[in-house]
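*Asks:* Quick one, fold the following:
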Amino acid sequence: MKKRIIVAITGASGIIYAIDFLQKLKSYPVEIHGIISPWAKENIKIETNYQLQDVLDLFDVLHDHKNMGATIASGSFLTDAMVIVPASMKTVSAIAHGYSDNLIARSADVIIKEQRKLIITPRETPLSVIHLENLTKLARLGVQIIPPIPSFYNQPQTIEDLVSHHSAKLIDSLGLKQDYDRRWGGMNE
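*Replies:* Here you go, the predicted model:
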C-alpha cells in the first residue's frame, strides 16, 4: 500500500518551497492529500509564474480547507505523515493551541493525537517570543520543525538549488530515499 502523505500549504511567503517539494514527492510511490489555504492561492499568483491549477494538479486528492468532514479530519483515516510548507505563524499558533478552525489545523491536530509524523516549515522572520514559544510547544509534542535555512557546503549556484536542498530535507524526514541533493561528505584531513 502506498504511503499517504498530507501536504498543506498556508499563506506564508515561500510558496516555491511547497511547489518544489510536491514536484519531487510526485516521483515517489505516495498518495498525496492536499490542502491549500486561500492566501496560499494568492501567493501562487504573487510569488510565482505558476497557475493555480498547475499546483492543484500535484495533489492526488485535494481537500477544501473548510471541509471539516474530509477523510483526513479523522484519525480513523490512516495517514503516514503531514507536511505543512510553508507554515504561517497563524497556522503554527492554531495547531499549538488546538484551535482547529480549518482543515489544515484539524488535520495537524489529528496527526499529533495519533502520534504520527508532523513536519512544519515555518516561514517568518524575525521570530517573536510568541512564535518561538508556539514552535517550542510543537517541538515538545514531537513535531519536526524544518525552517528553510540554506546550506552552503553543497555550493548552491541558484535559488532553485537552495529550494531543492530544502525539499531534500523534507523528503529525508519522511524516510524516503533521495539522491538529487549533495550530502555532506566530511572534510579531508
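*Asks:* From now on I want contacts and neighbour counts done on CA atoms only, so please keep to that.
*Replies:* Noted.
*Asks:* Which positions within the longest helix along the chain qualify as buried?
*Replies:* Longest helix of the chain, by residue count under DSSP state H: helix 159-173. Neighbour counts over helix 159-173 (16 or more other Cα atoms under 10 Å) mark 161, 162, 163, 164, 165, 166, 167, 168, 169, 170, 171, 173 as buried.
*Asks:* May I have that helix as PDB, with CA atoms only?
*Replies:* What follows is helix 159-173, C-alpha atoms only, in PDB (Å, rounded to 0.1, in the frame of the first residue of the first chain):
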ATOM      1  CA  ILE A 159      17.800  30.000  -5.900                       C
ATOM      2  CA  GLU A 160      16.500  26.600  -7.300                       C
ATOM      3  CA  ASP A 161      19.500  24.900  -5.700                       C
ATOM      4  CA  LEU A 162      18.600  26.400  -2.300                       C
ATOM      5  CA  VAL A 163      14.900  25.500  -2.600                       C
ATOM      6  CA  SER A 164      15.800  21.900  -3.800                       C
ATOM      7  CA  HIS A 165      18.000  21.400  -0.800                       C
ATOM      8  CA  HIS A 166      15.100  22.200   1.500                       C
ATOM      9  CA  SER A 167      12.900  19.700  -0.400                       C
ATOM     10  CA  ALA A 168      15.600  17.100   0.200                       C
ATOM     11  CA  LYS A 169      15.500  17.800   3.900                       C
ATOM     12  CA  LEU A 170      11.700  17.300   3.900                       C
ATOM     13  CA  ILE A 171      11.900  14.100   1.900                       C
ATOM     14  CA  ASP A 172      14.700  12.700   4.100                       C
ATOM     15  CA  SER A 173      12.500  13.400   7.100                       C
END
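*Asks:* roughly how far is that helix from the heart of the chain?
*Replies:* Distance of helix 159-173 from the chain centroid (Cα atoms, centre = their mean, to the nearest Å) equals 11 Å.
*Asks:* what's in contact with that helix?
*Replies:* For helix 159-173, the external contacting residues (Cα atoms under 8 Å, 6 or more residues apart in numbering) are 16-17, 20-21, 24-25, 119, 146, 148-151, 156, 177-178, 180-181.
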